[in-house]
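**Student:** coordinates for the following, if possible.
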Amino acid sequence: MERDTIGQPLQKREVADCSVRGQNTVGRFAPTPSGNLHLGNLFCSLLAWLAAKRQGGRILLRIEDLDRERTRMEYVRSAEEDLRFLGLSWDEGGSYGGEAYFQSNRSGFYEQLLHRLEEQGLVYPCFCSRAELHAASAPHASDGDPIYSGKCRGLSPEDVKKLAEIRSPALRLRAPPEVFTFLDSHYGEVSQNLAEECGDFILRRSDGVFAYQLAVVGDDAAMGVTQVVRGRDLLSSTARQIYLYRLLGYPAPEFAHVPLLLAHDGRRLSKRDRDTSLQALREKGFSGEEIVGRLAYLAGLLPAPEAAAPAELIPLFSWEKVPKEDILLPEGLFEKP
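**Tutor:** Residues are numbered from 1 along each chain as shown. A predicted model of the protein is given here:
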């Protein structure tokens, strides 16, 4: 029987019916340990925690360290310490959950998923370089990724053999000319024509690293995740993932995307910006409840930036209160008088 790396039969570990709430709700934190978490990461983590707990559900912690060259264990420990400091405890996973909750240990599982897609005749090798990809098409309007032209889609077996002698290919999934429509818990109905707005997308890079799209779908399904709360910048990934859920035979979870926190000058927050890291805020003397309260204020859950524990916010949580537009950090909000 085919199994995932958690050790459960694949056909048994499917996502629960998302129409069922309460104890069947499983949300997740899924940080990439490429740096210390910043306020934007923590804002999203707070809302993910509240959305699950508001429904009486559970939270698991998965470490998305697919690219081992960009990630470090010290940032895993830092992320876990940050979440604990804020009171955002998790019920399953993390470093205490074992290797199965680290994507870098799940390549065998991703190979199984890839094989299932190959059996459907939907996967093909792509030999295009990054420069060729960016020269071939205008960027995707929402995330800057080029829409793939399909250049390698029709290569003959002879062409593939010759090109493979020169360079290793990436593997792409054929995108159907179909409009995917889903209901986002925060942004409402969203539609995307996968072929026109995304194109054939990568499942495994030419260096052998599995792509985020395949890994996250497989892991959320195998781990029983029913509710995915993440930043608005990943909204354009959802149609691709719904397509993968369908091809792999998994029901899709409930999706909710949240606005991004931006610096007061409008720039994206980055893990390289130490001034928005939790460590920097702790050095300024902020308590966990003071930080949580300010994040809750920005999310529209509190009328003023007063200290609050996450558990106190559970009855106050509602997607209707959360802004839809990206949020500028007010100057001085995270400064001590």
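
**Student:** now for the longest helix seen in the chain, which elements pack on it?
**Tutor:** Ranked by number of residues, the top helix in the chain under DSSP state H is helix 39-54. In terms of contacts (3 or more C-beta pairs under 8 Å, 6 or more residues apart in numbering; DSSP states H and E), helix 39-54 is packed against strand 26-29, strand 58-61, helix 73-86, strand 227-231, strand 254-258, strand 261-262, helix 288-298, helix 310-313. In this view, the C-beta of every residue, glycine as well, is placed from N, C-alpha and C.

**Student:** count the residues that sit near E178.
**Tutor:** 13 (other C-beta atoms under 10 Å).

**Student:** same question for the one 5 residues further on.
**Tutor:** L183 has 11 neighbouring residues, counting by other C-beta under 10 Å.

**Student:** is it true that it touches S191?
**Tutor:** No: counting by C-beta atoms under 8 Å, S191 is not a contact partner of L183; they are 10.5 Å apart.

**Student:** ok, then the element right after the helix or strand containing E158?
**Tutor:** Using DSSP states H and E, E158 sits within helix 157-164. Following helix 157-164 in sequence order, the next helix or strand is strand 170-173 (DSSP H and E).

**Student:** for that following strand, the averaged confidence score.
**Tutor:** What strand 170-173 shows for mean pLDDT is 96.

**Student:** got a list of contacts for that strand?
**Tutor:** The contact list for strand 170-173 (C-beta atoms under 8 Å, 6 or more residues apart in numbering) reads 114, 117, 122-128, 148, 152-153, 200-206, 243-244.

**Student:** render the CA-only coordinates of it in CSV, please.
**Tutor:** Taking Å, rounded to 0.1, in the frame of the first residue of the first chain, the C-alpha atoms of strand 170-173 are listed here in CSV:
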residue,chain,number,x,y,z
ALA,A,170,12.7,20.9,-14.7
LEU,A,171,9.4,19.1,-14.7
ARG,A,172,6.2,21.0,-15.6
LEU,A,173,2.5,20.2,-15.2
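
**Student:** next SSE downstream of that strand?
**Tutor:** Per DSSP H and E, the helix or strand that comes after strand 170-173 is strand 179-184.

**Student:** could you check the angle that next one makes with strand 254-258?
**Tutor:** 80 degrees (axes from the mean of the first three to the mean of the last three C-alpha atoms, to 10 degrees).

**Student:** just to revisit the earlier point, the helices and strands packed on helix 39-54: which one's closest to L50?
**Tutor:** Among the helices and strands packed on helix 39-54, the nearest to L50 by C-beta to C-beta is helix 310-313 (5.8 Å).

**Student:** tell me how far that closest one is from the chain's mean position?
**Tutor:** 24 Å (C-alpha atoms, centre = their mean, to the nearest Å).

**Student:** check stretch 211-228 too.
**Tutor:** Worked out by C-alpha atoms, centre = their mean, stretch 211-228 lies 9 Å from the chain centre.

**Student:** for stretch 35-47, same thing?
**Tutor:** On C-alpha atoms, centre = their mean, the centre of stretch 35-47 falls 12 Å from the chain's centre.

**Student:** give me the buried positions along it.
**Tutor:** The neighbour-count check on stretch 35-47 (16 or more other C-beta atoms under 10 Å) flags 35-47 as buried.

**Student:** repeat for stretch 173-185
**Tutor:** Residues of stretch 173-185 classed as buried: 173-175, 180, 182, 184-185 (neighbour count, 16+ other C-beta under 10 Å).
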